[in-house]
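[1] Dropping a prediction and its sequence here:
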Amino acid sequence: MASRSKPEAAPAAAQPQELLSIDTLREKHKVTRPIFAGVCAANDWKPGRAMTEEAFLQAVADFTGAPMGAPQGKRG
């Protein structure tokens, strides 16, 4: 039988997050200019882009954790 309790509050992730400019996020998280330039280039971000803090930090983590150099294919 189904319980008749009150529905739980929506999780914090379901609430809308504040959008901030990538320049503001760079300063807030002390991302160096070379890393910031690389993240912007890798993601095709233009100046003034607004995004959530979580998405920005994930993109920086993905960029800094990526392997360096070109992928190596099989050689004939």
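    Now that the structure is in, tell me what you want to look at.
[2] In terms of secondary structure, what does the biggest helix by length in the chain contact?
    What stands out as the longest helix in the chain, according to DSSP state H, is helix 53-65. Contacts defined by 3 or more Cβ pairs under 8 Å, 6 or more residues apart in numbering; DSSP states H and E place helix 53-65 against helix 22-28, helix 33-43. Just so you know, the C-beta spots here come from the backbone N, C-alpha and C atoms, and that holds for glycine as well.
[3] got any ranges where the chain has weak pLDDT?
    Confidence mapping of the chain against pLDDT under 70 gives the ranges 1-15, 70-76.
[4] just to revisit the earlier point, buried residues of the longest helix of the chain, list them for me.
    Phe56, Ala59, Val60, Phe63 (16 or more other Cβ atoms under 10 Å).
[5] before we move on, what about stretch 39-46?
    Neighbour-count burial for stretch 39-46, counted by 16+ other Cβ under 10 Å, picks out Val39, Cys40, Asn43.
[6] Export these as TSV, with columns for distance to Lys28.
    Formatted as TSV, these follow (distance: Cβ to Cβ, whole Å):
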residue	distance to Lys28
Val39	14
Cys40	16
Asn43	18
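[7] From the rest of the structure, what touches the longest helix of the chain?
    The contact list for helix 53-65 (Cβ atoms under 8 Å, 6 or more residues apart in numbering) reads 17-18, 20, 22, 25, 28-29, 31, 35, 38-39, 42-43.
[8] what do you get for stretch 36-49?
    Ser21, Ile22, Asp23, Arg26, Val31, Ala59, Val60, Phe63.
[9] Recalculate using a threshold of 6 Å.
    Contact with stretch 36-49 is made by Ile22, Arg26, Ala59, Val60, Phe63, as judged by Cβ atoms under 6 Å, 6 or more residues apart in numbering.
[10] related to what we said a few turns ago, out of the helices and strands packed on helix 53-65, nearest to Gly69?
    Shortest distance between Gly69 and these, using Cβ to Cβ, is found for helix 33-43: 13.8 Å.
[11] quick revisit: reformat the buried residues of helix 53-65 as JSON lines; add distance to Pro47.
    Listed next are the buried residues of helix 53-65 as JSON lines, based on distance: Cβ to Cβ, whole Å:
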{"residue": "Phe56", "distance to Pro47": "14"}
{"residue": "Ala59", "distance to Pro47": "15"}
{"residue": "Val60", "distance to Pro47": "17"}
{"residue": "Phe63", "distance to Pro47": "18"}
